[in-house]
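Participant: Sequence and computational prediction follow.
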There are 2 protein chains.
Amino acid sequence: MISLAELQRRIDTGELSADAAVARSLDAIRAKDEAIGAFVCHADHLRAANAGPLRGIAVGIKDIMDTAEFPTEMGSPIYRGFRPRADAAVVMMLKQAGASIVGKTTTTAFASIDPTPTLNPHNHGHTPGGSSSGSAAAVAAGMIPLALGTQTGGSVIRPASFCGVAAIKPSYRLLLTVGVKCYSWTLDTVGLFAAGVDDVARGLSAMTGRPELRLPATIQTPRFGIVAQDFAGAPEASGEQALRIAARAADKAGASVRALDLPQIVAEAWSAQPVVQEFEAHRALAWEYREHYDAMAPLLRAKLDETRDTPPAAYDAAIETANRARQALEQVFNEVDVLLTLSAPGAAPEGLGSTGDARYNRLWTLMGVPCVNVPAFVAEGNLPVGVQVIARYGADAKALAAARFVEQALSTAD
Amino acid sequence: MISLAELQRRIDTGELSADAAVARSLDAIRAKDEAIGAFVCHADHLRAANAGPLRGIAVGIKDIMDTAEFPTEMGSPIYRGFRPRADAAVVMMLKQAGASIVGKTTTTAFASIDPTPTLNPHNHGHTPGGSSSGSAAAVAAGMIPLALGTQTGGSVIRPASFCGVAAIKPSYRLLLTVGVKCYSWTLDTVGLFAAGVDDVARGLSAMTGRPELRLPATIQTPRFGIVAQDFAGAPEASGEQALRIAARAADKAGASVRALDLPQIVAEAWSAQPVVQEFEAHRALAWEYREHYDAMAPLLRAKLDETRDTPPAAYDAAIETANRARQALEQVFNEVDVLLTLSAPGAAPEGLGSTGDARYNRLWTLMGVPCVNVPAFVAEGNLPVGVQVIARYGADAKALAAARFVEQALSTAD
């Protein structure tokens, strides 16, 4: 993989020009993407900016995000050849930080569950996960140092886990969804993929202009609460093993690590998340569903068919449950600094029939709290499995620092 | 003006066909809009739907809302001829309720403060207000029974007041901004204009599929708190008179009416609103500001120039103030059912140099609470002046019922 931090260092010292750094990513895409299929389209040539913390950094943009210079096709034939007038806000944040937009990465249709043809770089017989399939795969395959995705259920953390890359789903609205195709306005969250936690932190800090999001020179030892998410069912053996390995490494590195039960209302919020998600999707995708029903991706269409009669009162109740759960979860973070839990049930499923299961992600998206994936374990078939570190709403810096602690603990434990 | 309720009655009884109802609006636009300039574009012919509560209702859509069948130009040459692929969510909500989209109404550039050429139907020498200029003017001039606008500062309630029409800025997110050009994601709120409060309630209920938003057969007498908004400065004589007249009418109709001071934190939130608005605008309009600086409308551009260096910490503090103020305001509604306050400093200003002042609106947009404008008084120059009725977050039905109470009290007092 390409380390963003390492690229920055070499560009800063003049060892590598920003233009040459970008050119290397273009070369890597040309060399590798035919086998992986992470990009929908990409630039032929690209000049780097000569200023900004992300100069020389080639970034892939999930193809539900508006770009003025590339088509934006939402993973659906309904948007074939569509050219937005403007760049999405997050694309502009990247440009203003000096990044070069290298191309658009594959997305399941409207960031839902119908798989793309993208392959998992670690094992071509497996899915890279979704819906941010191309962004996770492009970073994992070493084509680009940074990519943007979105998470509504588990579309950032799950593909990051399956592809063995670091990723953050930041606090709700730290990054904006202006110019990003909406699935659910309560849930949709823009996230970042990069090689390691430090790389993710540098990307997020540069985009937002918030220096406090960079990792501190010395990372304080966090208090971890291990959360099994029993309400979401049992994990697979590989998922369980990843969590056990990560918890043990943190403990060995001197952290306080203890099992934690979440309040009952939080488990109820887990059940409320699909109600919020699909009720909002019916409104956000009303034009596509009503005017282009036949062209809708089949799994998404079936999900919308199933949920079309949800009454507003059921939605209101789900939102109310989520609000109460957010307050209850705040209290949990008075006892521990961060939670450590599964990023996915296990390693990436075989084949391209499914992008995997978001059941260990969807609660956290609804809570709006920052989640960071850290690769923890490599299962049979060379398949990575991650864990996620979760902090309270707004404590993105703390989530990143604790994730870095886990990442270091795991590398020491190796 | 065209009453939506009356049209519905005539269509229901078969006295008027839905097609004929829509055709009348098209005729009215052809007859009147040359003098007013409320529309950017409109349909030549239009078939009505044959089902749905809004069949036969011709609706004007503010031109920052995406429409698949009309260009969407944002009031700016930067978007000249722009064709979105899909309809905005609120446009689809109208269509699904059977409404006919008749055309696009004028908007200040990106719903900011640079006036459009639209004239106030009551006095062509005055502004109709903004930013939803065309929607307010088209309803006021009797061209259409329903129109959509948006409010970020005071862009629904203020033009409604200036044009003498009823309008609601509903609770934040009761109507969605998916497919609506963003200025500030914390503030942008879609609202409705119609002839009277009952008409507005019918429109909102039909769009959202929430029957509880229709006016009840019997309206309970509300407890009113009169709010002067001293933190926003003193009103003009006509604004003060409108509020006095409305309060007196409510009192005479048997309501409890008392002056109310708002908690200090709420006044602080009033000062925080512009910080939130412009910080977010810099991100939402980053592409336009950076790539098309010269083509930006001059007043908007100057405002963005002034505020470009606001640090994230100032924004975070403003959001924190808003959150605390929302909690404090909730308590106020334990003492009274609704607030009654100024919709604008006074009647519409002369000329087209300004769309008027949002200082009595911006607090309520930040609080996310439902606001309903009721015309209360006609000032010198045939210029209407309204008052607004405000309920707690989520109590849109209560705001509408109390506004109807004021509307009836005023008509009885006449």
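Facilitator: Happy to help now that I have it. Numbering: from 1, shown residues only, chains lettered A, B, ... in the order given.

Participant: Name the residues of the stretch 251-400 of chain A found near chain B, please.
Facilitator: A:283-284, A:286-288, A:290-291, A:312 (C-beta under 8 Å from any C-beta of the partner chain). In this view, the C-beta of every residue, glycine as well, is placed from N, C-alpha and C.

Participant: what about residue A:248, helix or strand, and which?
Facilitator: Per DSSP states H and E: residue A:248 is located in helix A:237-252.

Participant: just checking, what packs against that helix?
Facilitator: Helix A:237-252 is packed against strand A:223-226, strand A:256-259, strand A:338-342, strand A:371-379, strand A:383-390, helix A:396-413, with contacts defined by 3 or more C-beta pairs under 8 Å, 6 or more residues apart in numbering or on different chains; DSSP states H and E.

Participant: How about exporting the third one as CSV, limited to the C-alpha atoms?
Facilitator: Output of strand A:338-342 as CSV, limited to C-alpha atoms (Å, rounded to 0.1, in the frame of the first residue of the first chain):
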residue,chain,number,x,y,z
VAL,A,338,-13.3,4.1,23.5
LEU,A,339,-15.2,0.9,22.5
LEU,A,340,-13.5,-1.9,20.6
THR,A,341,-15.8,-4.1,18.6
LEU,A,342,-16.2,-6.1,15.4
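
Participant: Run me through the strand neighbours of it, direction for each.
Facilitator: Here strand A:338-342 is paired, per DSSP bridges, with strand A:223-226 (parallel), strand A:383-390 (antiparallel).

Participant: re earlier: next, format the residues of the stretch 251-400 of chain A next to chain B as a markdown table and append pLDDT, secondary structure and distance to residue A:219.
Facilitator: Output for those, formatted as a markdown table (pLDDT from 0 to 100; DSSP: H, G, I helix; E, B strand; the rest coil; distance: C-beta to C-beta, whole Å):
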| residue | pLDDT | secondary structure | distance to residue A:219 |
| --- | --- | --- | --- |
| A:283 | 98 | helix | 43 |
| A:284 | 98 | helix | 39 |
| A:286 | 98 | helix | 46 |
| A:287 | 98 | helix | 47 |
| A:288 | 98 | helix | 45 |
| A:290 | 97 | helix | 51 |
| A:291 | 97 | helix | 51 |
| A:312 | 97 | helix | 46 |
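
Participant: Is it correct that residue A:42 is in contact with residue A:29?
Facilitator: Yes - between residue A:42 and residue A:29 there is a contact at 5.5 Å, judged by C-beta atoms under 8 Å.

Participant: Please enumerate the shared neighbours of these two.
Facilitator: Common contacts of residue A:42 and residue A:29 (C-beta atoms under 8 Å, 6 or more residues apart in numbering or on different chains): A:102-103.

Participant: What distance do you get for the spatially most central residue of chain A to chain B?
Facilitator: The centre of chain A sits closest to residue A:156, judged by C-alpha atoms, centre = their mean, with a distance of 2.0 Å. Distance, residue A:156 to chain B, using C-beta to the nearest C-beta, to the nearest Å: 20 Å.

Participant: what do you get for residue A:393?
Facilitator: Distance from residue A:393 to chain B, by C-beta to the nearest C-beta: 11 Å.

Participant: show me where chain A has helices.
Facilitator: For chain A, the helices defined by DSSP state H occupy A:4-12, A:18-36, A:89-96, A:133-140, A:157-163, A:197-208, A:237-252, A:264-284, A:286-291, A:298-306, A:312-332, A:362-367, A:396-413.

Participant: Pick out the residue of the stretch 301-414 of chain A closest to chain B.
Facilitator: residue A:312 (5.3 Å; C-beta to the nearest C-beta).

Participant: and that residue, how many neighbours?
Facilitator: Residue A:312: 14 surrounding residues under other C-beta atoms under 10 Å in any protein chain shown.

Participant: What's the local residue count around the nearest residue to it once chain neighbours are set aside?
Facilitator: Among residues not flanking residue A:312 along the chain, residue B:210 sits closest, at 5.3 Å (C-beta to C-beta, 6 or more residues apart in numbering or on different chains). Other residues near residue B:210 come to 17 when the count uses other C-beta under 10 Å.

Participant: my guess is residue B:210 contacts residue A:311, does it?
Facilitator: No - counting by C-beta under 8 Å, residue A:311 is not a contact partner of residue B:210; they are 9.4 Å apart.

Participant: which residues touch residue A:165?
Facilitator: A:1, A:136, A:139-140, A:193-195, A:373, A:375.

Participant: can you tell which of the helices of chain A is closest to residue B:206?
Facilitator: Closest of the helices of chain A to residue B:206 is helix A:312-332, at 12.8 Å (criterion: C-beta to C-beta).

Participant: The closest one packs against which elements?
Facilitator: helix A:264-284, helix A:362-367.

Participant: Name the residues that touch that helix?
Facilitator: A:186, A:225, A:260, A:262-263, A:265-266, A:268-269, A:272-273, A:275-276, A:279-280, A:339, A:366-369, A:392-393, B:208-210.

Participant: now that helix against strand A:338-342, angle please.
Facilitator: Interaxial angle of helix A:312-332 relative to strand A:338-342 (axes from the mean of the first three to the mean of the last three C-alpha atoms, to 10 degrees): 120 degrees.

Participant: chain center to helix A:312-332, what's the gap?
Facilitator: 23 Å (C-alpha atoms, centre = their mean, to the nearest Å).

Participant: Mind listing what's buried along it?
Facilitator: A:315, A:318-319, A:321-322, A:324-326, A:328-329, A:332 (16 or more other C-beta atoms under 10 Å in any protein chain shown).

Participant: Now render those residues as CSV, adding pLDDT.
Facilitator: CSV is the format used below for the buried residues of helix A:312-332 (pLDDT from 0 to 100):
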residue, pLDDT
A:315, 98
A:318, 98
A:319, 98
A:321, 98
A:322, 98
A:324, 98
A:325, 98
A:326, 98
A:328, 98
A:329, 98
A:332, 97
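
Participant: so which of the residues you listed comes closest to residue A:132?
Facilitator: residue A:322 (22.9 Å).

Participant: Contacts only, for residue A:11.
Facilitator: Here residue A:11 is in contact with A:17-18, A:21, A:55-56 (C-beta under 8 Å, 6+ apart).

Participant: can I get the helices and strands packed on helix A:237-252 in a markdown table with mean pLDDT?
Facilitator: Compiled in a markdown table, the helices and strands packed on helix A:237-252 are given as follows (pLDDT from 0 to 100):
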| stretch | mean pLDDT |
| --- | --- |
| strand A:223-226 | 98 |
| strand A:256-259 | 98 |
| strand A:338-342 | 98 |
| strand A:371-379 | 98 |
| strand A:383-390 | 98 |
| helix A:396-413 | 96 |
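
Participant: Deepest-packed of these, please.
Facilitator: strand A:383-390 (a mean of 29; mean count of other C-beta atoms under 10 Å in any protein chain shown).

Participant: quick one, that one and helix A:237-252 angle?
Facilitator: Using the same axes, to 10 degrees: strand A:383-390 against helix A:237-252 is 50 degrees.

Participant: Can I get the helix holding residue A:248 as CSV, trimmed to CA atoms?
Facilitator: Provided in CSV are the C-alpha atoms of helix A:237-252 (Å, rounded to 0.1, in the frame of the first residue of the first chain):
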residue,chain,number,x,y,z
ALA,A,237,-14.9,-17.5,13.9
SER,A,238,-12.6,-15.1,12.0
GLY,A,239,-14.4,-12.0,13.3
GLU,A,240,-14.3,-13.3,16.9
GLN,A,241,-10.6,-14.1,16.5
ALA,A,242,-9.8,-10.6,15.2
LEU,A,243,-11.5,-9.0,18.2
ARG,A,244,-9.8,-11.3,20.6
ILE,A,245,-6.4,-10.7,19.1
ALA,A,246,-6.9,-6.9,19.2
ALA,A,247,-8.1,-6.9,22.8
ARG,A,248,-5.2,-9.0,23.9
ALA,A,249,-2.7,-6.8,22.1
ALA,A,250,-4.2,-3.7,23.7
ASP,A,251,-4.1,-5.3,27.1
LYS,A,252,-0.5,-6.5,26.6
